[in-house]
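**Q** show me the folded form of this:
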Amino acid sequence: MRSFTRAVLGAAVVAGAGLAAGPAPAQEPVTIGLVVPLSPPGDPVAGQLIRRGAELAIDYYNGKGGVLGGRKLQLTVQDSQGRPEGGVAAYRRLVGEDHAVGVTGFFHSSVNIAANEVAKTMGVPTIGTQTSAAEITSKHYDIAFRTHLIDPLRVAAWLQFIQKKGFKRVSLVAETSDYGIGLVTEMGKVIKEKNLPIELQSITFDRTTTDLTPQLLQVKAFRPDLLVNIGVGAPMDLMIEQAATLGITPATPMLVSYDAPIRPQFWQLHPNTGDKLYFIAYYSPKQKLSEIGAWFTKAYEEKYKESPVYSSLNGFGDVAILAQAVDQAKSTDPKAVIKALETGKFAFWSSGDVTFPKADGVFWHNFSPPVLILQFQKPNEDWKEADVVFESGK
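**A** Numbering: from 1, shown residues only. Presented below is the predicted three-dimensional model:
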C-alpha cells in the first residue's frame, strides 16, 4: 500500500513539474506616464501634439521588441488641464496606481514645478518636455530632468535679437504663471545687471482673462519698438487679435514667446493678423535629425499627413530617453532609472547625444535645444518657409 501511495505521489509531482515547465506567463508591460494639458485652461493643442509624439515612441520601441529583453512598453496619459493641482493628481495616479517608471510630457511650467514637489518624495523621475521656468531644475532635485529651453537662454536670445534690431523700448505682456513671471523677472534682472540701454515695460494678466484691452492700452501709450507676447494658448491668440484691433500691430512688431505659430491651425485663427509676426522656435526642418528622429518624422507624416512640429518631436524624444534609461539601468527601479539618466547618453530626435549633467544652477539635469527666431513674410506662409532672423550661437 505504501509503495502504491509513493508511486501515485511521485506521478503527481512529475505531472506538477510538467505543468510548471509550461509556457511562462507574459511579463507585465513597462509603463511610462504622460502628463499633458488636454483641456482648458491649459493648451490642449500642445497636449495633443506631445501625445502624438509619445505614442509613436511607444510604437518604435515595441516594434524593436520592447525593453529589458522583451517587455513591452505602454503609455498611460493623464490630463493636467494646465493646472498645478491637476498635474499633482496626475503624477500621483501614474506613480501610485499605474506604477510608471518615469513621467514626462509636461508643457506648463507651473504644472511641472508642482509635480516635482510630490516626485521628490515618491521618487519617480520627471522629464519636462516643454517647460522653461528656472525652478524646475534650479532646486537640484534628483528626480527632475528637462529637455527644453530654460528662461536664461530664452531671454539671452531675445536680448541679442533686440540689440541686433536696435530696439530701445520693449513691452512685455505676460501671464501670471511661473512661465510668465519667470521670463519677466529674468528679463529685468539681465537688463539691470548688464546696464543695457533698453527701457522695459512689464505688464501681467491672469491667464484666465478673456479681455486684454486694459493691458494693451497701456502698451499703446508706452509706444514700444517691440511687444513681447508672453501668453500661452488662448491668451496668446487673444493678444495677437486685440493688439491688431487696437492698432498696435503691425506698426509695432510682436514677438510670440514660444512656437505656437508653427501649428497647423495658426493661420485659421489669425488669417489677417499673423503677417510679419516674430516667434520663437526650437526646430527647423533644415536641421539634421538622428536615426530615430528620421524614423519618427517619416512615421508621423504617414500617420498624420503633415510634418511634425517641435512639441511632437520632444514628446517622442522624452519617451525614447526613458525607454533607453530603463534598458541602461537593466531595471524599472526608480533609483536605478535616475542613476541611468544622470550617467548615460541617449539618442534623441536631434543629432548628437543627450546627457543630463549635474551642472550649476538652472542647468542641472538640463538639455536645451538651440533658440531660433522666425518671422512670417506673408499671410498663410508655411512656417517651414519663414525667415530665420536669429539663431543662438551664431
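**Q** would you map the helices across the chain?
**A** 2-20, 44-63, 84-96, 109-122, 135-138, 151-165, 178-193, 213-222, 234-245, 266-269, 291-304, 310-329, 334-343 (DSSP state H).
**Q** most packed of these?
**A** helix 310-329 (a mean of 27; mean count of other Cβ atoms under 10 Å). Heads up, the C-betas are built off the backbone N, CA and C, glycines and all.
**Q** tell me the angle that one makes with helix 44-63.
**A** Helix 310-329 and helix 44-63 meet at an angle of 40 degrees, taking axes from the mean of the first three to the mean of the last three Cα atoms, to 10 degrees as the criterion.
**Q** my guess is Val388 meets Pro285, correct?
**A** No. In this structure, Val388 is not within contact of Pro285 by Cβ atoms under 8 Å, at 11.1 Å.
**Q** find me the pLDDT at the closest residue to Ile373 other than its chain neighbours, would you?
**A** Among residues not flanking Ile373 along the chain, Phe390 sits closest, at 3.8 Å (Cβ to Cβ, 6 or more residues apart in numbering). In this model, Phe390 is scored at 92, pLDDT.
**Q** of all the helices of the chain, which one is nearest Leu372?
**A** For the helices of the chain, proximity to Leu372 was assessed by Cβ to Cβ; helix 151-165 is nearest, at 8.5 Å.
**Q** can you name every helix or strand that that closest one contacts?
**A** helix 178-193, strand 226-230, strand 387-391 (3 or more Cβ pairs under 8 Å, 6 or more residues apart in numbering; DSSP states H and E).
**Q** between these, which one is nearest to Glu241?
**A** Using Cβ to Cβ, those put strand 226-230 closest to Glu241, at 11.1 Å.
**Q** send the alpha carbons of the closest one over as PDB?
**A** Presented in PDB, the C-alpha positions along strand 226-230 are these (Å, rounded to 0.1, in the frame of the first residue of the first chain):
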ATOM      1  CA  LEU A 226       8.700  95.700 -29.800                       C
ATOM      2  CA  LEU A 227       5.800  93.900 -28.000                       C
ATOM      3  CA  VAL A 228       6.700  90.500 -26.500                       C
ATOM      4  CA  ASN A 229       3.600  88.300 -26.200                       C
ATOM      5  CA  ILE A 230       4.100  86.000 -23.100                       C
END
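**Q** report the inter-axis angle for it versus helix 178-193.
**A** For strand 226-230 against helix 178-193, the angle by the same axes, to 10 degrees is 140 degrees.
**Q** quick one: strands adjacent to strand 226-230?
**A** strand 169-175 (parallel), strand 254-256 (parallel) (DSSP bridges).
**Q** returning to what we had before: got the helices and strands packed on helix 151-165 as TSV, with distance to Phe145 columns?
**A** Below are the helices and strands packed on helix 151-165 laid out as TSV (distance: least, Cβ to Cβ, whole Å):
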stretch	distance to Phe145
helix 178-193	17
strand 226-230	25
strand 387-391	25
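**Q** mean pLDDT lowest where, among those?
**A** Taking the mean pLDDT of those, strand 387-391 comes last: a mean of 91.
**Q** residues making contact with that strand?
**A** The contact list for strand 387-391, computed with Cβ atoms under 8 Å, 6 or more residues apart in numbering, reads 157, 160-161, 164, 278, 284, 370-375, 377.
**Q** closest one of the residues you listed to Ala114?
**A** Val371 (26.1 Å).
**Q** ok, Glu291 touching Ser350?
**A** No. Glu291 is beyond contact range of Ser350, at 11.3 Å (criterion: Cβ under 8 Å).
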